[in-house]
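Peer 1: Please work out how this folds:
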Amino acid sequence: MTKAILFDISGVLHTDNQPISGAVDLIKRLRRQGIPMRFVTNTSRATCQSVLNELKQMGFDIKSDEVFTAPLAIKRLCQTKGYRPFCLIHPDLTPEFSDLEQSQPNAVIVTDAAYLFSYDNLNKAFSLIMNGAPLLGIGRNRFFKSEGQLQLDAGPFIQALEYASHVEAQIIGKPASSFFHEALTSLGMAASDVLMIGDDVASDVIGAVDAGLQACLVRTGKYLPEDEAEANAANAMIADSVVEAVNQAFDLDF
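Peer 2: Numbering: from 1, shown residues only. Got it, this is the predicted structure:
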């Protein structure tokens, strides 16, 4: 039985800051019915506050303590461990880490860094890892969709650093079970009672199933038809949109 929902954000609730049809009203109706929700994302081109602000500007009724981002989870880890990270990140994400000490780095953070994935920056990260710095990544996402195009995400670059250094990255965001469980803890619910809705079959769907949650793949965002075989193998639901996914889960008609 589904009692609460985790939503991926980009590709599920909106695409390029244009809400998916019916998504804004869906969140309002779920709110009125008292259904607990959390919004979980590996996005690495915006701070947690920016993600929240953008959602509100699109009309979504979302509270600050309901948003869980992978970069913020990495920041918390750095604060706990005393890491001084070399941040190979997107410029728009820089403010998220600005209050961390970053001189003489003893850790490496890799998110989607776009044009900052230069040889010099990747080689600096490689050198630090070879000297013992842990490699921290937000996720193994291969690509994302923006402006109608599939674009490389952080996953391929993390894997390149792993291959070169023989060091396995510590993944903090989806599909890591710890990231899902952080959201579950805030809900106070068992994993089996919570549905994860996402457009990434590996990070959202299979990651959620491996963490003990229910999962649904939506045919929006970065979805590709060949993803359905993996979703079916994981016994996940498949829906045309987030609205249909919620209708299936709760036997409702939004």
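
Peer 1: from here on, contacts and neighbour counts on C-alpha atoms
Peer 2: OK.

Peer 1: Tell me which stretches of the stretch 1-150 of the chain form strands.
Peer 2: Taking DSSP state E, counting those that start in this stretch, the strands of the stretch 1-150 of the chain run over residues 4-7, 14-15, 18-19, 37-41, 67-69, 85-88, 107-110, 135-137, 143-146, 149-152.

Peer 1: Columns mean pLDDT on top of those, output as a markdown table?
Peer 2: Below are the strands of the stretch 1-150 of the chain laid out as a markdown table (pLDDT from 0 to 100):
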| stretch | mean pLDDT |
| --- | --- |
| strand 4-7 | 98 |
| strand 14-15 | 95 |
| strand 18-19 | 96 |
| strand 37-41 | 96 |
| strand 67-69 | 94 |
| strand 85-88 | 98 |
| strand 107-110 | 97 |
| strand 135-137 | 96 |
| strand 143-146 | 84 |
| strand 149-152 | 88 |
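
Peer 1: Out of these, the one nearest Lys28 is which?
Peer 2: strand 37-41 (11.2 Å; CA to CA).

Peer 1: So which other helices or strands are in contact with the closest one?
Peer 2: strand 4-7, strand 67-69, helix 177-187 (3 or more CA pairs under 8 Å, 6 or more residues apart in numbering; DSSP states H and E).

Peer 1: what's the following helix or strand after the longest one?
Peer 2: Helices and strands here follow DSSP states H and E; after helix 177-187, the next one along the chain is strand 194-198.

Peer 1: which outside residues touch that following strand?
Peer 2: Strand 194-198 is contacted from outside by 2-9, 11-12, 204-205, 208, 213-218, 242, 245, 249, using CA atoms under 8 Å, 6 or more residues apart in numbering.

Peer 1: Buried among the residues you listed? Need that as a selection in ChimeraX.
Peer 2: Burial among the contacts of strand 194-198 is assessed by 16 or more other CA atoms under 10 Å; the matching ChimeraX selection reads:
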select :3,4,5,6,7,8,9,11,12,204,205,208,213,214,215,216,217,218,242,245,249
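
Peer 1: Can you list which of the contacts of strand 194-198 are found in helices?
Peer 2: 208, 242, 245, 249 (DSSP state H).

Peer 1: Angles on the backbone of Arg219, please.
Peer 2: phi -90, psi 50 (degrees, to the nearest 10).

Peer 1: Just give the number of residues close to the residue nearest to it when sequence neighbours are not counted.
Peer 2: Leaving aside its sequence neighbours, Arg219 sits nearest to Asp240 (CA to CA, 6 or more residues apart in numbering; 4.8 Å). For Asp240, the tally of surrounding residues (other CA atoms under 10 Å) stands at 11.

Peer 1: let's number from 28 now, not from 1
Peer 2: I'll keep to 28 as the first residue from here, and by that count the last item is Asp267.
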